[in-house]
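> Take a look and give me a structure for this.
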Amino acid sequence: MSRRVATITLNPAYDLVGLCPEIVKGNVNRVQTAGFHAAGKGNNVAKVLRDLGIDVTVSGFLGRENQEGFQQFFSENQMVNRFHLVSGRTRVNVKLTEKQGEVTDFNFSGFHVTEEEWKRFVSDSLTWLGQFDMVVVSGSLPEGIAAESFANWMMQLRQICPCIIFDSSREALVAGLKALPWLVKPNHYELEIWAGKPLPDLDSVVNAAHQLRNRGIAHVVISLGEQGALWVNASGAWLAKPPYCEVVSTVGAGDSMVGGLVYGLLMRESSEHTLRLATAVSALTVSQPNVGIKSRTELAAMMSKIALISIR
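Residues are numbered from 1 along each chain as shown. Okay, here's the model as predicted:
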């Protein structure tokens with residue numbers, strides 16, 4: 001049976017990834033370039049899914065002036081491209097990893113989406129997204145798209161596609177949660193922002209996840225960095241811990257986890273197997289300069305090293 005996924009990235013970016021022994025403010029810092037990639041959260045998810053053999057359609061907005069790298073990326077990975085072109089340039093995000101594994105991001109601004117362009121996207125997307133098994137909506141909002149307008153679109157999307165996977169932050173996260181997506185994946189910090197208080201231990205994180213579930217969200221997955229990931233759903237709660245990995249870049253690690261979650265859910269794997277898979281994909285990503293799965297053998301080997309703990 002063919003399984004189809006669409007990913008929506010409203011504010012994609014080119015990721016310039018570099019390695020720097022130490023960032024010294026006010027000085028010249030010499031950086032080793034690790035990669036320059038067409039990216040954005042939904043596009044990273046799509047890359048993982050294509051590596052795992054899933055048909056993917058991608059959409060969102062692209063700046064007309066520097067679209068070439070994205071068009072090549074979509075073509076090379078055999079993704080169906082339904083992006084809308086707008087005036088201006090897609091932004092560039094600079095990600096610098098220091099020798100201790102700490103990553104500093106410099107996210108530049110990009111294109112502005114007009115009200116007419118947003119209306120056109122809403123009208124178009126709602127005519128075709130309903131045919132997909134799952135729709136992944138992830139990333140930030142570009143200039144010009146109000147949080148309220150985004151929330152309204154998400155609610156309309158929820159009516160035609162019950163299986164929405166949502167991964168965002170700040171105002172977009174708050175707005176998107178109003179649509180009660182099927183699965184959400186905040187990180188620890190984003191969950192604290194939503195909860196409005198610190199969540200200093202695992203119990204407090206689990207309780208906050210249950211608060212989201214009580215609102216009508218079926219699956220809550222919290223990425224916890226090097227501590228792994230927590231998944232809470234109707235079947236229970238599990239914590240997956242990856243082994244130590246030499247960090248090249250954490251760019252796309254959370255997106256890779258989303259890709260693994262989507263794949264496991266599509267294949268109707270158990271929650272335990274799916275979380276182990278998703279955590280393994282994420283762990284592999286931090287040990288390389290770009291997103292993607294190089295081999296199934298490598299993925300299987302990493303999965304065998306993931307420690308899985310049932311909670312409550």
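> Assumed Phe150 was part of a helix.
Yes - counting by DSSP: H, G, I helix; E, B strand; the rest coil, Phe150 is located in a helix.
> so it makes contact with Val174?
No - here Phe150 lies out of contact with Val174, judged by Cβ atoms under 8 Å, at a distance of 10.1 Å. Yep, even glycine has a C-beta here, placed from its N, CA and C like the rest.
> Skipping adjacent residues, who's closest to Val281 in space?
Excluding the flanking residues, the one nearest Val281 by Cβ to Cβ, 6 or more residues apart in numbering is Gly260, at 3.9 Å.
> Looking at Phe150 and Val174 now, which is surrounded by more residues?
Phe150 (22 against 15; other Cβ atoms under 10 Å).
> quick one, what contacts the more buried one?
Listed by Cβ atoms under 8 Å, 6 or more residues apart in numbering, the contact set of Phe150 reads Leu10, Leu141, Ala172, Ala175, Gly176.
> tell me which element the last one falls in.
Think Gly176. helix 170-177 (DSSP states H and E).
> now the second one
Assigned by DSSP H and E, Leu141 belongs to neither a helix nor a strand.
> Tell me, how many residues neighbour it?
19.
> I figured it hits Ala151, correct?
No - if you go by Cβ under 8 Å, Leu141 and Ala151 don't touch, sitting 10.6 Å apart.
> With only the CA atoms kept, save the helix holding Gly176 in PDB.
What follows is helix 170-177 as a C-alpha-only set of coordinates in PDB (Å, rounded to 0.1, in the frame of the first residue of the first chain):
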ATOM      1  CA  ARG A 170       7.100  30.700  20.100                       C
ATOM      2  CA  GLU A 171       3.900  32.300  18.700                       C
ATOM      3  CA  ALA A 172       3.500  29.700  15.900                       C
ATOM      4  CA  LEU A 173       3.500  26.900  18.500                       C
ATOM      5  CA  VAL A 174       0.800  28.600  20.700                       C
ATOM      6  CA  ALA A 175      -1.300  29.300  17.600                       C
ATOM      7  CA  GLY A 176      -1.000  25.800  16.100                       C
ATOM      8  CA  LEU A 177      -1.900  24.100  19.400                       C
END
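> how close does Gln288 get to Val251?
10 Å (Cβ to Cβ, to the nearest Å).
> My error: substitute Ala172 in the last question.
Counting by Cβ to Cβ, the gap from Ala172 to Val251 is 19 Å.
> Repeat that for Met257.
Applying Cβ to Cβ, one obtains 13 Å for the distance of Met257 from Val251.
> more crowded one of the two?
Per other Cβ under 10 Å, whichever of Met257 and Val251 has more neighbours is Met257, with 29 against 26.
> where does this protein have low pLDDT?
By pLDDT under 70, the low-scoring segments of the chain are 1-2, 248-249, 289, 312.
> quick check: longest strand of it.
Secondary structure of the chain read by DSSP state E shows that its longest strand is strand 55-63.
> Sort out which residues of the very next helix or strand once past that one are buried, please.
Once strand 55-63 ends, the next helix or strand along the chain (criterion: DSSP H and E) is helix 68-76. Residues of helix 68-76 classed as buried by neighbour count (16 or more other Cβ atoms under 10 Å): Phe70, Phe73, Phe74.
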